[in-house]
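**Q** Any chance you can model this:
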Amino acid sequence: MEGKKITKSYPPELRERAVRLVREHEGAHASQWAAIRSVAEKVGCNAETLRLWVRQDEHDAGRRGGLTSDERSRLKALEREVRELRQANEILRKASAYFAMAELDRRSKT
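**A** Numbering: from 1, shown residues only. So this is what the prediction gives:
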């Protein structure tokens, strides 16, 4: 399957443990990335995936700018709502045009 991204879901406990291990072992490594690679290998996840978890934890804790998990979730819900409302408006616009045309046809026949 070309072009299809395969995502693996990890339990929240594993995510929390992995992020905690990175925090605890950062000082023992030359860089945060080195700690992330080391921990990722030990817990069995991709280093880039763990890096994203660490970044999100930093956002949530206020140590790094950006959206928190709650804000991200809320934004996603609002985007979904806007998409649904636009679809509903489009349906209503088309229905209104259809009924306006039907009314004009009815008037012209009488």
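
**Q** Roughly how far does Val82 sit from Val54?
**A** Applying CB to CB, to the nearest Å, the value for Val82 to Val54 is 31 Å. Where you see a C-beta, it was placed from the backbone N, CA and C, and this is true even at glycine.

**Q** same question, Gly66
**A** Gly66 is 13 Å from Val54, where distance means CB to CB.

**Q** what do you get for Ala35?
**A** Counting by CB to CB - Ala35 and Val54 are separated by 9 Å.

**Q** shared neighbours, these two?
**A** Val22 (CB atoms under 8 Å, 6 or more residues apart in numbering).

**Q** Between Val82 and Val54, which is the more surrounded one?
**A** Between Val82 and Val54, counted using other CB atoms under 10 Å, the more crowded position is Val54 (22 against 10).

**Q** What residues sit buried inside the helix or strand containing the more buried one?
**A** According to DSSP states H and E, Val54 maps onto helix 47-61. The neighbour-count check on helix 47-61 (16 or more other CB atoms under 10 Å) flags Thr49, Leu50, Arg51, Trp53, Val54, Gln56, Asp57, Glu58, His59, Asp60 as buried.
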